[in-house]
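1. with the sequence up front, the predicted model follows.
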Amino acid sequence: MRTIVRLLLLSFLFTGCYNKGPLTPDAWDLTRQQLDSISFYTTHHYSQNYNFVVTGDSLVVVEQQPEGMDIPDVVSAEIESVGKERQKDSIVLRRHEHIVVADIRTVSADSIDSVWVKVARDQLTFGWVHESELLAKVSPDDPISQFIDIFSDVHLLVFLAFCVVIVAAYGVRRLLRKGAKIVHFNDIPSFYPTTLCLLVASSAVLYSSIQLFGPESWRHFYYHPSLNPFALPLHLGLFVSSVWAIVIVAIATVDDVSKHLSLGETILYLGGLAAICAVNYVVFSITTLYYIGYPLLIVYYIFAIRRLMQQESI
């Protein structure tokens, strides 16, 4: 009996020492608007107070709230005449202007785009626009996201592929005819240039693989980028790590090449190396989207390692 009493007293003691801490609101205490905001964030990856920068020539927004509009008359501000735009009290936001998301509304009656976003340039300049039209003309106000925009443009990649392959082929041919040093063909006794080329090719394949198999995770990374690989999911962390590896190996490559060649030869060699890396990025980024990049990467690894071994044996 005494043992039971002691145990009860001990339990009361521990209960009295327990501190629940300050009460914090949970999901049951959230308002409908807060729940809708969380739901929107999980699918669209941005919410109120998110910052954008206008990248299109202009972005037209209307001051009137979408609920008060005649929906068929506001399909798109771009296809309306200037006179009608002024009648709607529209505002034109110009390229490079910074805006913030002030509100988000869903208009079910709008068959074009049910999501309307209210953006503000300042306290006196704000208006509503379709989400699809907004996202087509803005980028997240983050240099990493804007850098991703440049390298994600498919038309730009195709154009670069055409230009880079031709210029690189011509440049490599000229360098070989002059007997100049160039990676893979007439290389210096260093593994850094080959490693750099393989890293660029592998990163390009990994980048396109994320686009294929994890588009939503990449979209979230686009809106909330980070250069810390340990703060990201595994596949994104591997990609960011490969980018850091490229930077580190590139610095080591420049240092090592300068030790083996004269200044003029170093400039020529690094120019050729940059061309090879550019070709690798463009070719492997595009071919991986059609699943050709995977076997092509294996073949490239075998070719590059064999050439490196042959150069070291000379």
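-> That came through, no problem. Everything numeric here is computed off the predicted structure, so don't read it as measured data.
2. mind listing the helices for the stretch 51-200 of the chain?
-> Here the stretch 51-200 of the chain has its helices, by DSSP state H, counting those that start in this stretch, at 82-87, 131-136, 143-152, 154-177, 192-213.
3. now the first one: mean pLDDT?
-> Spelled out, it's helix 82-87. Mean pLDDT, helix 82-87: 46.
4. over to the third one?
-> Rounded to a whole number, the mean pLDDT of helix 143-152 is 84.
5. how about stretch 97-113: buried residues?
-> 97, 99, 100, 101, 104, 107, 110, 113 (16 or more other C-beta atoms under 10 Å). To be clear about C-beta, it is placed using only N, CA and C from the backbone, and glycine gets the same treatment.
6. wait, isn't the third one in contact with residue 120?
-> Yes - A contact is recorded between residue 100 and residue 120 when judged using C-beta atoms under 8 Å, the distance being 5.5 Å.
7. ok, the residue lying closest to residue 212 once chain neighbours are set aside - contacts?
-> Among residues not flanking residue 212 along the chain, residue 289 sits closest, at 6.7 Å (C-beta to C-beta, 6 or more residues apart in numbering). Neighbouring residues of residue 289 by C-beta atoms under 8 Å, 6 or more residues apart in numbering: 208, 211, 212.
8. ok, of these, which one's closest to residue 53?
-> residue 211 (23.1 Å; C-beta to C-beta).
9. quick one, grab the pLDDT at that closest one.
-> 90.
10. give me the pLDDT for the closest residue to it other than its chain neighbours.
-> Among residues not flanking residue 211 along the chain, residue 218 sits closest, at 6.1 Å (C-beta to C-beta, 6+ apart). Per-residue confidence for residue 218 comes out at a pLDDT of 92.
11. now the element after the helix or strand containing residue 218, going C-ward?
-> In the assignment (DSSP states H and E), residue 218 maps to helix 215-223. On the C-terminal side of helix 215-223, the nearest following helix or strand under DSSP H and E is helix 234-260.
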